[in-house]
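K.L.:
Okay, here's the prediction I keep looking at, along with the sequence it came from:
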Amino acid sequence: MKKVLLISTLLILIVSCKNKAQIKSIKVSNITELNNAIKNSHAGDNIVLANGVWNNVEIKFYGKGTKENPITLTAEEKGKVTIEGASNLKLGGTYLEVNGLYFKNGHAPTKNIIQFKINNDSIANNCKVTQCVIEEFTQPDRDISDHWVEFWGRHNELSNCYLTGKSNFGPTIMVKLEGNENIYTYHQIINNHFGPRPRKGGPHGETIQIGDSGTSMTPAYVNVSNNFFERCNGEIEIISSKSNFNEFKNNVFFESEGSLVLRHGNYAKIDGNVFIGNDNSKFIGGIRVINSGHWITNNYFYKLKGEAFRSALAVMNGIPKSPLNRYNQVTDVVVAHNTYIDCKSPWQFSVGSNVGQSDVLPASEIRSARPERVVVANNLIYNETPNTNPIVNYDKVDGVTFKNNIINSENQSEVKPDGLITKDFKVKKVSDDLFIPSENITDVYSGFDFETITSDIFGTSRTSSNNSIGAIVNPVKENRVLIDKSKYGTSWFQENKEKSKPKTFNVSTSEELIQTLKEANSGDVISLKNGIYNLSSSLAIDKEIIITSSDKTNKSELVFTSEKTAFVMLPKGNLKVKDVILSGNKAQNAFTTLDKNMSKAYDLFIENVEIKDFKSVLEVSKGSFADTVSVANSIIKNCERGIMLNKETNDGGDYNAEFVTIANTTFDNINEVVLNYYRGGYDESTIGGNLKLENNTFTNSGKAEKDHILIKNRGIVNVMFANNTFQNNPVKLIAILWGEKGQEPGENTIINSGKIEVVQNLKLKLMY
C-alpha cells in the first residue's frame, strides 16, 4: 500500500512539474510576434507586450485557458504600453485575461475597441479585461457610432478599468443578447471608474446599455456593481437596462446628468446605490422605472433637482399593448427603504403621460397606462428647507400603495396618501453628502417578501430588533464616506493630470498674435495692446484660450480681410473673446467649425465684443457640437446672418449646441435670421437644448429672411425668453414657443416687429 502511494505521489509530482514547465512568459515587441505568440499559446501562458507605442494594431486574442491557468495578455509596465491609432482588441475562446493596456490617441477601426467576440465561431466565455484604460479613444466623426466595450458570450468580466471621454454616437459599454449563446450571460461589470462623458447633444450617448428594444423578454442576468459614474453626461440614460434579471448594486452616480433607467425588461434589482447631485443642475437624475417586477431598495439620493424624466424616482406611464421598442406599463414594482435628502419633488408618477398631445401623435404613441400594483414603503424624505410638494403626478396615482414613508415637512402635493407621514426628525452629517437620521425610525412596514431586504446600504443587518425606515440603519461607523475613489478603476492610472499655470501674453502686432496663439498652452490669456490687427488668415482654436484687450475702455480691433472665416473652432477648442472689436468685409464668417471631424465639443464665449460686417456670426457643420455658446454685453451689427446652429437636420433628436445664452446684447441690421437653433424628431427624453434670451435689443433685422421669422428655436425644449426689445424688424413672427414644454414669453417690448406665437403641441417627426 505504501509503495502504491509513493508511486502515485511521484506521478502527481512529475505531471505537476511537466505542467509548470509548459507555462511560460512570452515577451513580444511587434504585431507579428504577438500573433505568433497567441497562435502558439497554451493554458497558463503569459504574453507580455513590450513597453512602447503599439500603433494601428488589430489584436485577435484567442485560445483555451482554464479557470486555474488562464492565458493572459499583459503590459510589460502598466502605463508604458499604449495602444494608439486605428486599433482594437477582440477576444475569442475561454479563460483569457487582458491586463494593463492603455488605449489613447486614436479610435477603433471597427465598431468596437474591445469586443468579447472575434466572429460568430469564436465567442468569448469566462474571459476578463481588467486594469485597462480607454481615454478619449473616440471617432473623428461624432456621427459615427461605436461601442468601446462590447460584451458577447457568457460569464465575461470588465473590472477595475477607467473609461473616459467618449464623445461620438453609441453606448460606452454595450451588452449584446443575440442568440442562445449570448443570453443568461452573468457578465460582471464591476469596480470600474467611468470618468466624464461629455454632453453629446441628443440620444445614443449611454454609458452602459444592456440589450436593445428587441430583448425586453430576454434573460440577461448582468451584474453592474461597485462602479463609480463621474459626470457621465452623454444623455438622459446613464444606464439603459433593456433585458431581464439585471442587478445594479452599490454604484455611485456623481453629478451625472441622467438616470439609471429600466427602459425595457423586467425583474431588475437596484440596491444600495448612491446618486449625488448639486444645486446648480436640474438635469441630474436618479432612477426611471418602466416595465414589471423591479425591486428598488436601500438607495441614497442627495440634492437631485431633476424633474419628470430626471426626477429622483420617475415612474412612467406606459402605452397600452405597447410594441417592444416603446413603453410598457409599470406593474408589480417595490420601492422600499430608500433615503432622499434635499431632493426636489423626489417622487414623480405617470411621467410621460401625453394624452394632451393626441392631436399631433398617433394613438400608438399615447402613454395612458398608469402604474399598477406599485408599493412605495419605508422610505425617508428629508429637506433642510421644507419641500411641500414631494409628489408630482401627471395622471391619477391610483395604482400605487404607500406604506410607512416618513417626511419631515407637510405634504401639500395634490396626492396626499396616508402612507406618507409627516414626522419631525433630525439628521446629522457624517461626511460629505452623507446625512443620516439621529436615531432609527422603527415603525417599519413588513410587506410581501420584505424579509428578503436583510441589510442596509452599508451592509448593516436589518433585524427584528434593529431596523429603520430609509436606506441606513444606525449605528453607522465613524468616518463612513459615500465616495472612496480608491475603490474604483485601475491601481496605476492617474486621471487628474497637472495643468500648467495660466500665463498672460502681451502682444502688439498681428504676427505676434498668430505666433502666440500657436505656442500658448490651454488656459493662457492673450492680451492685445491698443491698435488695429489686420489678419489675412483664419485663427484656429484647439485649446482653452482668452483673447482680450489690455485697455477695456479703448478696445483693440481685429480686422479680417480674407474670404475665410475669422476664427475656426476645432475639437476641444474653448475660446473667450472679451473687450475687442471684430470686423469683417462681408465675405467671411466670424466663427465656424470644421466641415468634418469635429470629434469633440467646443465652447465659445463672447463678452463685451463688437462684431460687424460678417456673413454669419457663427456657422457650424452638421457633426459639430458646442457645449456652450454664450454672447453677453455685446453689439452685433451689419451681418447677413446671426448664430446658425441648425445643421443637425436628420430629425433624430440631435442638435448642435447644449447651452445657448444671449444676454444684454444688441442686434442691429442683421439681414436674415438672428438665431437658428434647431432640434428635430420627437424624443422628449433628451435634454433637448437650452436657450436663454434675456435683456437684448433687436432692431432693423430680418428683412431678407424668407420664413419671416426673426428667431428660430424649433424643437428646443428649455427656453427662457424675457425682457427683450424688438423694434422695427420687418418680420411676421419674432419666434414660435412650445407651450407643451412650458415655454412662454416674459415681459418683452415689441414695436413694429411682428409677434411671438405660442404653439401648444408642436408637431415633430417620429423617430421610432
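P.N.:
In hand now; what should we look at?
K.L.:
rest of the way, CA atoms for contacts and neighbours
P.N.:
Fine.
K.L.:
Just to be sure, residue 518 is in a strand?
P.N.:
No - going by DSSP: H, G, I helix; E, B strand; the rest coil, the assignment for residue 518 is helix, not a strand.
K.L.:
And it, what's its pLDDT?
P.N.:
Looking at residue 518, its pLDDT stands at 95.
K.L.:
Neighbours of it, how many?
P.N.:
Residue neighbour count, defined by other Cα atoms under 10 Å, stands at 14 for residue 518.
K.L.:
same thing with residue 732?
P.N.:
Neighbour count for residue 732, taken as other Cα under 10 Å: 16.
K.L.:
likewise residue 433?
P.N.:
Residues lying near residue 433 (other Cα under 10 Å) number 16.
K.L.:
Okay, it and residue 342: tell me how far apart.
P.N.:
According to Cα to Cα, to the nearest Å, residue 433 and residue 342 sit 10 Å apart.
K.L.:
what does residue 214 give?
P.N.:
For residue 214, the distance to residue 342 equals 38 Å [Cα to Cα].
K.L.:
These two - which one has more neighbours?
P.N.:
For residue 214 and residue 342, the more surrounded residue by other Cα under 10 Å is residue 342, and the numbers stand at 21 against 16.
K.L.:
pLDDT wise, what is the more buried one at?
P.N.:
Residue 342 carries a pLDDT value of 97.
K.L.:
With adjacent residues omitted, what lies nearest to it?
P.N.:
Distances taken as Cα to Cα, 6 or more residues apart in numbering place residue 383 nearest to residue 342, at 4.4 Å, with adjacent residues excluded.
K.L.:
quick one: that neighbour and residue 405, what's the gap?
P.N.:
To residue 405, residue 383 is 14 Å away according to Cα to Cα.
K.L.:
swap in residue 327?
P.N.:
According to Cα to Cα, residue 327 and residue 405 sit 28 Å apart.
K.L.:
got it, and residue 652?
P.N.:
Distance, residue 652 to residue 405, by Cα to Cα: 41 Å.
K.L.:
Compare neighbour counts for those two and give me the winner.
P.N.:
It is residue 405, of residue 652 and residue 405, that has more neighbours when counted by other Cα under 10 Å, with 26 against 18.
K.L.:
the helices in the protein, which residues?
P.N.:
Using DSSP state H, the helices of the chain run over 2-22, 31-39, 510-519.
K.L.:
and those helices, which one's lowest on average pLDDT?
P.N.:
Mean pLDDT is lowest for helix 2-22 among the helices of the chain, at a mean of 47.
K.L.:
Over to stretch 536-551 now: how far is its first residue from its last?
P.N.:
24 Å.
K.L.:
in that stretch, what's buried?
P.N.:
538-550 (16 or more other Cα atoms under 10 Å).
K.L.:
what bridges to residue 607?
P.N.:
Beta-bridge partners recorded for residue 607 (DSSP bridges): residue 578, residue 632.
K.L.:
count of neighbours near it?
P.N.:
The burial count assigned to residue 607 is 21, neighbours taken as other Cα under 10 Å.
K.L.:
and what of residue 644?
P.N.:
Neighbour count of residue 644, defined by other Cα under 10 Å: 21.
K.L.:
about what we covered before: ok, the residue nearest to residue 342 to residue 507 distance?
P.N.:
According to Cα to Cα, residue 383 and residue 507 sit 53 Å apart.
K.L.:
try residue 305
P.N.:
On the measure of Cα to Cα, residue 305 and residue 507 end up 45 Å apart.
K.L.:
Between these two, tell me which one has more neighbours.
P.N.:
Shown here are residue 305 and residue 507; by other Cα under 10 Å, residue 305 has more neighbours (23 against 19).
K.L.:
Now do the phi/psi pair for the more buried one.
P.N.:
Backbone torsions for residue 305, taken as degrees, to the nearest 10, come to phi -110, psi 10.
K.L.:
oh, and call the first residue 596 from now on, that's how I've got it
P.N.:
Right, with 596 as the first residue, what we last looked at is residue 900.
K.L.:
Would you agree it is in contact with residue 871?
P.N.:
No - look at residue 900 against residue 871 with Cα atoms under 8 Å: they stay out of range, at 10.2 Å.
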